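Q: what follows is a predicted structure for the sequence shown.
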Amino acid sequence: MVVPSETVDFKRAVKIFPNPASNLLTIESSVDWTQARIFNSLGALVHTVNNEPGTLRLDVSDWAAGAYAIVLFYEGGSGTFQFVKQ
């Protein structure tokens with residue numbers, strides 16, 4: 001018998017702020033994630049980061065203004081989040 005793994009409510013487990021961001025973007029998560037990939041509104045990959053212990057802070061001050069998608073990968077799946085760079 002196969003028992004399904006516990007479903008993770010990734011949307012509730014992750015906080016990304018401030019949104020919109022101008023200088024620093026903070027990612028806090030109660031779920032261990034392995035990698036974050038950030039895409040611009042055209043779908044181009046603009047940044048990749050492997051999980052670092054604790055809270056992750058990204059310097060986005062040099063990024064172009066606009067909408068971005070963050071895909072966080074964790075064991076068993078992924079979650080997508082949006083933020084705006086001012």
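A: Great, that's in hand.
Q: okay, CA-based contacts and neighbour counts for the rest of this
A: Fine.
Q: pLDDT weak spots in the chain?
A: Along the chain, the parts satisfying pLDDT under 70 run over 1-8, 52-53.
Q: so what's the residue nearest to the spatial centre of it up against?
A: Centroid-nearest residue in the chain: Ile70, 4.1 Å away (criterion: CA atoms, centre = their mean). Going by CA atoms under 8 Å, 6 or more residues apart in numbering, Ile70 touches 36-39, 80-83.
Q: just the buried ones from the residues you listed, in ChimeraX syntax?
A: Applying 16 or more other CA atoms under 10 Å to those, the buried members can be selected in ChimeraX as follows:
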select :36,37,38,39,83
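Q: got the contacts of Ile70 as JSON lines, with secondary structure and distance to Thr48 columns?
A: Below are the contacts of Ile70 laid out as JSON lines (DSSP: H, G, I helix; E, B strand; the rest coil; distance: CA to CA, whole Å):
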{"residue": "Ala36", "secondary structure": "strand", "distance to Thr48": "6"}
{"residue": "Arg37", "secondary structure": "strand", "distance to Thr48": "5"}
{"residue": "Ile38", "secondary structure": "strand", "distance to Thr48": "6"}
{"residue": "Phe39", "secondary structure": "strand", "distance to Thr48": "9"}
{"residue": "Thr80", "secondary structure": "strand", "distance to Thr48": "14"}
{"residue": "Phe81", "secondary structure": "strand", "distance to Thr48": "14"}
{"residue": "Gln82", "secondary structure": "strand", "distance to Thr48": "15"}
{"residue": "Phe83", "secondary structure": "strand", "distance to Thr48": "16"}
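Q: ok, the contacts of Ile70 vs Val49, which is closest?
A: Distances from Val49 to those, taken as CA to CA, are shortest for Ala36 (5.3 Å).
Q: which strand residues bridge that closest one?
A: Beta-bridge partners of Ala36, counted by DSSP bridges, are Val49, Leu72.
Q: what do you get for the one 4 residues further on?
A: Each beta-bridge partner of Asn40 is listed here: Tyr68, as defined by DSSP bridges.
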